[in-house]
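Asks: Coordinates only, no sequence provided:
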């Protein structure tokens with residue numbers, strides 16, 4: 001998986017968590033009960049601002065929710081770990097992030113007490129279970145154990161590879177999203193994709209569920225290792241409910257349309273190259289040919305070199 005933040009896995013997870021029902025379901029299943037039970041779900045708001053500093057951008061992207069806990073302002077932060085290789089200094093990096101967020105808050109509201117902030121890391125790297133300590137104390141060379149007096153609990157982390165498929169099936173909204181991320185690297189994704197789609201319990205008469213269906217279907221079929229998508233759709237179509245079948249057919253039509261458009265575009269380019277080649281053989285100036293065909297001078301020079309071979 002790429003270390004760049006803008007990867008397909010990150011986009012899928014962030015888009016999913018942008019849906020209120022998915023975000024609430026994730027919090028209810030993975031955050032401490034003390035938080036989930038005190039959360040005013042109507043107050044939950046996904047902030048667009050990122051608090052990631054440059055030296056952390058290769059490792060994380062972040063989702064920050066403002067909310068009310070026990071009628072007090074608070075932030076719930078979800079950091080998505082993008083490295084395939086786990087980081088020994090994970091706990092320190094998380095605390096760097098949290099204090100960056102709190103420093104930003106302090107600048108905006110210098111006369112207010114700091115709000116409560118809770119951080120959880122969402123990890124779906126290859127190495128599992130996560131091999132390093134998540135205690136901030138473990139990041140110190142501290143033979144006298146001094147830091148135990150000021151550092152308390154481990155950072156919470158969800159390792160999707162360690163979550164049971166049976167448990168995920170019981171999680172209405174976040175379960176399918178997490179299952180997709182858990183299995184997306186399978187050598188043959190088709191049976192897992194079918195299992196995930198078959199187990200969907202979303203109310204398909206709701207717009208949010210329809211959006212989520214399109215999102216997860218595109219993710220499974222675009223990012224998953226499925227050798228023959230057409231065969232997969234054809235063989236699985238009868239095993240799925242009517243709304244899912246309809247969306248899969250729409251997806252197949254879009255794929256076919258993209259193929260047609262790509263073919264048309266390639267045909268136009270080939271036609272321009274044929275015209276350009278004839279003009280080159282006539283000794284016509286490159287700048288004039290470029291103006292007529294809309295091909296760049298670099299493309300024309302490559303075509304010229306290829307024609308000489």
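Replies: Yep, it's here. Computed from a predicted model, the values in this text were never measured in an experiment.

Asks: Going along the chain, name the helices of the stretch 101-250 of the chain.
Replies: 165-169, 174-183, 190-198, 207-223, 229-236, 242-281 (DSSP state H, counting those that start in this stretch).

Asks: Save those helices as CSV, and put in distance to residue 26, mean neighbour count and mean pLDDT too.
Replies: Backbone N, C-alpha and C define where each C-beta goes, glycine included. Putting the helices of the stretch 101-250 of the chain into CSV (distance: least, CB to CB, whole Å; neighbours: other CB atoms under 10 Å; pLDDT from 0 to 100) gives the following:
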stretch, distance to residue 26, mean neighbour count, mean pLDDT
helix 165-169, 12, 14, 93
helix 174-183, 4, 23, 94
helix 190-198, 16, 19, 92
helix 207-223, 13, 18, 89
helix 229-236, 27, 15, 82
helix 242-281, 22, 13, 69
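
Asks: So, low pLDDT: which residues of this protein?
Replies: The model of the chain has pLDDT under 70 over residues 1-6, 54-59, 82-84, 152, 255-269, 309.

Asks: Show me the strands in it, by range?
Replies: Under the criterion DSSP state E, strands of the chain are mapped to 45-47, 60-69, 72-81, 116-123, 156-159.

Asks: For the nearest residue to residue 200 once chain neighbours are set aside, give me its contacts.
Replies: If you skip the residues right next to it in sequence, residue 200 has residue 176 as its closest partner in space, 5.8 Å away by CB to CB, 6 or more residues apart in numbering. With contact set as CB atoms under 8 Å, 6 or more residues apart in numbering, residue 176 has these partners: 168, 196, 199-200, 202, 216.

Asks: Same check on residue 102?
Replies: 114, 117.

Asks: cutoff 10 Å now
Replies: Residues near residue 102 by CB atoms under 10 Å, 6 or more residues apart in numbering: 51, 75, 114-115, 117.

Asks: Of those residues, just say which sits nearest to residue 273.
Replies: residue 51 (49.5 Å; CB to CB).

Asks: Break the chain into its domains for me.
Replies: 8-185, 254-308 (automatic domain parsing).

Asks: Can you tell me which of those is most buried?
Replies: Highest mean neighbour count of these: domain 8-185, a mean of 16 (counted as mean count of other CB atoms under 10 Å).

Asks: And that domain, how far out from the chain middle?
Replies: 14 Å (CA atoms, centre = their mean, to the nearest Å).

Asks: Now do the end-to-end distance for it.
Replies: With CA to CA, to the nearest Å as the measure, domain 8-185 spans 12 Å from end to end.

Asks: And for stretch 162-180?
Replies: First-to-last distance for stretch 162-180 - CA to CA - comes to 14 Å.

Asks: again, but for stretch 153-167
Replies: Terminal residues of stretch 153-167 lie 26 Å apart, using CA to CA.

Asks: can you check stretch 288-305 too?
Replies: With CA to CA as the measure, stretch 288-305 spans 18 Å from end to end.
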